[in-house]
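Colleague: Just need the structure, nothing else, for what follows:
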Amino acid sequence: MATSIAPAAATTFEHVDVLVVGAGISGISTAYHLKHQQPGRTFAIVEARNSLGGTWDLFRYPGLRSDSDLQTFGFGFKPWRGDNAIADAHEIVDYLQETLEENDLARHLHLGHKVSKADFSSADQRWLVTLERACDGAQFDVTAGMLFSAAGYYDYDQGYSPQFVGREDFGGQIIHPQHWPDDLDYSGKNVVVIGSGATAVTIVPNIAAAAGHVTMLQRSPSYVLPIPRQDPIANTLRRLLPEKIAYSLTRGINIRKANLLYKGSQRFPKQMRALVRKVNTAALPEGYDVDTHFSPAYNPWDQRMCMVPDGDLFKAISDGRASVATDEIVRFTKSGILLESGEELAADIVVTATGLNMVPFGKIALAVDGAQIELPDHVVYKTLMLSDVPNFAFTVGYVNNSWTLKADLVAQWFCRLLAHMDQNGYSTVTPVVAQASMPLSDYIAMDTGYINRGMPLFPKQGDSGPWLAPQDFNRDRVVLGKDPIEDPELRFSFAELPQTDLHDVAAPVVGAGVAK
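Modeller: Purely as a prediction, here's the structure:
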């Protein structure tokens, strides 16, 4: 297991060329590319929590693991060496820690430093960023030439939990997966998990062996597909070929498989629905009511599919350790949950796997020259910058593919942008929409609860050119990987001072250090 990073009690810095917000997968990817593609540039990674890993360290519920294979969820530059293609959270955190150590990135990392606000000054051509230090609550300002949000889109403070009638009458425990207690004892108890998404289908089989019985209570079903925890092709190629070649081949195969599944679902929904039903029927006991519990009203991939490693959810149902109830909740009772059908589910513990809250850019209050930025009034440029906001970039990964595929593309494009600015003596870059009447729509178009709730907080996407934000890895490989940086709708300005002056005033970044 990789060593851990210890937060520094009094880490401060005055100025960096690039300030990266977030030390999860996106932040570490960005730091790696800055280190190797922009070796003369100063940067820092600030993370509000006292540990790296983002989502994979925040959530602690049983069975937490990836639902994408690590050959594509891993970085393109660092082969995944584990036998499991579907990896547990601790394996992913160790992988991120290894990346940090192997590339000497720990000295750039500042744990326990939260960005509360950031204001871009056109006069100074840089961001003034207010940080709050977790160890003592002290606030201080730093400056940065470029601000990069790698904070993802989850609200780390609070998950989503509907207001159930009678909740206060329930005599047992109510747990949200985002706030799972380390000491929760569910052994021998009746547990009801409310939800049908990735979190619910992960928790149910992973607590079923110890619990008395686990019921997954869903208002409507989701598509659930079994996938192997270990990838036989990947593991065979690792034995036969040099590591990097094997990883590259497996990564390419798995990208194509994921794209085929998504595009096939969009183009042939009836056939894909029938295929999923056939797989589910084969995995469940004979005579099981598949149509009630595992046949959604929507088409495949209109919402994200749930993947279960080695069919563990179906095995728990087949063994009688778990069951599924598809019904509406009337109210909580003292001893359980009353359903619309009249049935009452007995429960000692209720897990509300009812979703997450989405927030843009880690809830940082962004401003330009003192004027607050209202994100829904802005449009995303090439999926990674905002109209009329200078020197700001961000990563939001795919919802229909591995998040990291997008993170790597964005980081590489960002480094190309920085190189272009250096070569031309530019100090600022600002996307500007030329067509004021361009039709706008939600940044992410997927009909699922947490996205529908969150999109009013986010910037919009346009209907053409660089203002489109499709969930399309193949398109992004061209737009972000090959298309030139120069663009009529990307405005640059020159530095008032020589570019080297910005580097000269950069204070050395004092890192968090590695705890041995």
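
Colleague: The longest helix seen in the chain - contacts with which helices or strands?
Modeller: Scanning the chain for the longest helix, with DSSP state H as the assignment, gives helix 243-267. Counting contacts by 3 or more CB pairs under 8 Å, 6 or more residues apart in numbering; DSSP states H and E, helix 243-267 packs against helix 70-73, helix 232-240, helix 269-283, helix 473-479. Every residue, glycine included, has its C-beta placed from N, CA and C.

Colleague: Now do the longest strand along the chain: which elements does it pack against?
Modeller: Longest strand in the chain by number of residues (criterion: DSSP state E): strand 139-149. The helices and strands touching strand 139-149, judged by 3+ CB pairs under 8 Å, 6+ apart, are strand 15-21, strand 113-121, strand 126-133, strand 392-394.

Colleague: Next, count neighbours for the closest residue to Gly74 other than its chain neighbours.
Modeller: Nearest non-adjacent residue to Gly74, counting by CB to CB, 6 or more residues apart in numbering: Trp80, 4.0 Å away. Neighbour count for Trp80, taken as other CB atoms under 10 Å: 25.

Colleague: if I look at Trp80, how far off is Leu409?
Modeller: 18 Å (CB to CB, to the nearest Å).

Colleague: Now do the same contact list for Val410.
Modeller: Shown in contact with Val410 (CB atoms under 8 Å, 6 or more residues apart in numbering): 26, 30, 383-384, 393-395, 480.

Colleague: at 6 Å what do you get?
Modeller: Under the criterion of CB atoms under 6 Å, 6 or more residues apart in numbering, the contact partners of Val410 comprise 384, 395.

Colleague: One more: Tyr443?
Modeller: Tyr443 is in contact with 380, 458-459, 461, 469, counting by CB under 6 Å, 6+ apart.

Colleague: Need the residues you listed in CSV (columns: neighbour count).
Modeller: Rendered in CSV, the data for these read as follows (neighbours: other CB atoms under 10 Å):
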residue, neighbour count
Val380, 23
Phe458, 21
Pro459, 25
Gln461, 21
Ala469, 23
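
Colleague: Which single one of those is nearest to Met305?
Modeller: Within the contacts of Tyr443, the smallest distance to Met305 is 21.1 Å, found for Ala469 (CB to CB).

Colleague: thinking the closest one is in contact with Gly462, fair?
Modeller: No - look at Ala469 against Gly462 with CB atoms under 6 Å: they stay out of range, at 8.2 Å.

Colleague: Turn the helices and strands packed on strand 139-149 into CSV, columns for mean neighbour count and mean pLDDT.
Modeller: Formatted as CSV, the helices and strands packed on strand 139-149 follow (neighbours: other CB atoms under 10 Å; pLDDT from 0 to 100):
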stretch, mean neighbour count, mean pLDDT
strand 15-21, 25, 98
strand 113-121, 21, 97
strand 126-133, 20, 96
strand 392-394, 24, 98
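
Colleague: how close does the residue lying closest to Ser335 once chain neighbours are set aside sit to Ala123?
Modeller: Closest residue in space to Ser335, ignoring its immediate chain neighbours: Ala346 at 5.8 Å, by CB to CB, 6+ apart. Noted for Ala346: a distance of 66 Å to Ala123, by CB to CB.

Colleague: Pick out whichever of the two has more residues nearby.
Modeller: Counted by other CB under 10 Å, Ala346 and Ala123 do not tie: Ala346 has more neighbours, with 15 against 7.

Colleague: can I assume that one is in contact with Val192?
Modeller: No - contact criterion CB under 6 Å: Ala346 and Val192 do not qualify, at 8.4 Å.

Colleague: now this structure, which segments are flagged as low pLDDT?
Modeller: 1-12, 496-516 (pLDDT under 70).

Colleague: so where do the helices sit in it?
Modeller: Secondary structure of the chain (DSSP H): helices at 25-37, 55-58, 70-73, 89-102, 198-208, 232-240, 243-267, 269-283, 290-293, 312-318, 403-424, 449-454, 473-479, 499-504.

Colleague: can you list those in TSV and add distance to Pro221?
Modeller: Supplementary listing: these in TSV, determined by distance: least, CB to CB, whole Å:
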stretch	distance to Pro221
helix 25-37	30
helix 55-58	25
helix 70-73	26
helix 89-102	26
helix 198-208	11
helix 232-240	29
helix 243-267	16
helix 269-283	10
helix 290-293	6
helix 312-318	12
helix 403-424	25
helix 449-454	14
helix 473-479	28
helix 499-504	55
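
Colleague: how about these, which one is nearest Ser335?
Modeller: Here helix 198-208 is closest among the helices of the chain (CB to CB), at 19.6 Å.

Colleague: tell me what the closest one is packed against?
Modeller: When contacts are defined as 3 or more CB pairs under 6 Å, 6 or more residues apart in numbering; DSSP states H and E, helix 198-208 sits against strand 190-194, strand 213-218, strand 306-309, helix 312-318.

Colleague: List just the one of these that sits closest to Gly54.
Modeller: Smallest distance to Gly54 across the helices and strands packed on helix 198-208 (CB to CB): 20.0 Å, for strand 306-309.

Colleague: List of residues touching the closest one?
Modeller: The contact list for strand 306-309 (CB under 6 Å, 6+ apart) reads 67, 86, 198, 201, 222, 224-227, 229.

Colleague: right, and the pair among the residues you listed with maximum separation?
Modeller: Pairwise distances among the contacts of strand 306-309 were taken by CB to CB; the largest, 19.9 Å, belongs to Ser222 and Arg229.

Colleague: and Leu468, how many neighbours does it have?
Modeller: Applying other CB under 10 Å, we find 16 residues neighbouring Leu468.

Colleague: can you tell me which residues contact it?
Modeller: Residues near Leu468 by CB under 6 Å, 6+ apart: none.

Colleague: what do you get for Met385?
Modeller: With contacts defined as CB under 6 Å, 6+ apart, the neighbours of Met385 are 393, 431.

Colleague: Can you report phi and psi for the residue of the chain positioned farthest from its centre?
Modeller: Farthest-out residue of the chain from its mean C-alpha position, per CA atoms, centre = their mean: Gly342, at 38.7 Å. Main-chain dihedrals, Gly342, degrees, to the nearest 10: phi 100, psi -20.

Colleague: Report the buried residues of stretch 91-105.
Modeller: For stretch 91-105, the neighbour count (16 or more other CB atoms under 10 Å) marks 91-97, 99-100, 103, 105 as buried.

Colleague: And stretch 423-430, by the same measure?
Modeller: Buried, per 16+ other CB under 10 Å, within stretch 423-430: 426-430.

Colleague: same deal with stretch 307-314?
Modeller: Buried residues in stretch 307-314, counted by 16+ other CB under 10 Å: 307-309, 311-314.

Colleague: Out of the helices of the chain, which is closest to Asn357?
Modeller: Nearest to Asn357 among those is helix 449-454 (6.9 Å), distances taken as CB to CB.

Colleague: for the closest one, packing partners?
Modeller: Helix 449-454 is packed against no helix or strand, with contacts defined by 3+ CB pairs under 6 Å, 6+ apart.

Colleague: what about that helix, distance to the chain center?
Modeller: In terms of CA atoms, centre = their mean, to the nearest Å, the centre of helix 449-454 is set 14 Å apart from its chain centre.

Colleague: cool, stretch 124-132 as well?
Modeller: Mean-position distance between stretch 124-132 and its chain equals 25 Å (CA atoms, centre = their mean).

Colleague: pull the CA atoms of that stretch into CSV?
Modeller: Extracted in CSV, the C-alpha atoms of stretch 124-132 (Å, rounded to 0.1, in the frame of the first residue of the first chain):
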residue,chain,number,x,y,z
ASP,A,124,-3.3,42.7,-12.6
GLN,A,125,-4.1,39.9,-15.1
ARG,A,126,-4.3,37.3,-12.4
TRP,A,127,-6.6,35.7,-9.9
LEU,A,128,-6.8,36.8,-6.3
VAL,A,129,-7.8,33.6,-4.4
THR,A,130,-8.9,33.4,-0.8
LEU,A,131,-7.9,30.1,0.9
GLU,A,132,-9.1,28.9,4.3
